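A.B. asks: next come a sequence and a model predicted from it.
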Amino acid sequence: MSEPARPMTIFIDADACPVKDEVYKVAARYRLKVFVVANSFINTPRDPMIERVLVQSGPDAADDWIVEHAHAAAIVITTDIPLADRSLKAGASVIAPNGKAFTQSSIGMALATRNLMQDLRETGTVTGGPKPFGPRDRSTFLSALDLAVVQLKRKGFG
């Protein structure tokens, strides 16, 4: 007997996520459950489909919670590349707030680039961070999230 299909779910790695409101809007349109995961208080709308998850303090506590609950019908929203990798391994779809989808074929290069940039920052070779988040990123994210939901629906998740 096969395991019953899990409902489609969205997990937000909420600390410093600039697209929470966009996630709430898309989730409301498709009637999807959203988990807003953080290790400090994050204000969330009063909606039974949006659940705030407050985890213990610690460098990977929110990541660990998300990965423990991620599944094939889940979409994880994060800028954290190691979390994206772990979420993909758990079967989830993963999107960065700028709309970039992480995939099995792209995650290796993303991890390598992240590690290189971290090394360059530690040696002082690179001192700047990522470019500022803008309206185009927000629009690209909305399109990517909508596409991820549609693709999961086509796979039979609801």
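C.D. replies: All right, it came through fine.
A.B. asks: all strands for this structure, in order.
C.D. replies: Taking DSSP state E as the test, the strands found in the chain are 9-13, 33-38, 50-54, 74-77, 93-95, 101-102.
A.B. asks: so which elements touch the last one?
C.D. replies: In terms of contacts (3 or more CB pairs under 8 Å, 6 or more residues apart in numbering; DSSP states H and E), strand 101-102 is packed against helix 81-89, strand 93-95. C-beta: built from backbone N, CA, C; applies to glycine.
A.B. asks: got it, and the first one?
C.D. replies: Secondary-structure packing of strand 9-13 (3+ CB pairs under 8 Å, 6+ apart): helix 20-30, strand 33-38, helix 61-69, strand 74-77.
A.B. asks: distance to Asp85, mean pLDDT and mean neighbour count added to those, as CSV?
C.D. replies: CSV is the format used below for the helices and strands packed on strand 9-13 (distance: least, CB to CB, whole Å; pLDDT from 0 to 100; neighbours: other CB atoms under 10 Å):
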stretch, distance to Asp85, mean pLDDT, mean neighbour count
helix 20-30, 21, 96, 17
strand 33-38, 17, 97, 21
helix 61-69, 10, 96, 19
strand 74-77, 11, 98, 28
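A.B. asks: out of the helices and strands packed on strand 101-102, deepest packed?
C.D. replies: Sort those by mean neighbour count, taking mean count of other CB atoms under 10 Å, and strand 93-95 sits at the top with a mean of 26.
A.B. asks: direction included, what does that one pair against?
C.D. replies: With DSSP bridges as the test, strand 93-95 is paired with strand 74-77 (parallel), strand 101-102 (antiparallel).
A.B. asks: please save the CA atoms from the first one in CSV.
C.D. replies: So the one you mean is strand 74-77. Coordinates of each C-alpha in strand 74-77 appear next as CSV, following Å, rounded to 0.1, in the frame of the first residue of the first chain:
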residue,chain,number,x,y,z
ALA,A,74,7.2,21.1,-0.7
ILE,A,75,8.6,24.4,-1.9
VAL,A,76,11.4,25.9,0.2
ILE,A,77,12.2,29.6,0.0
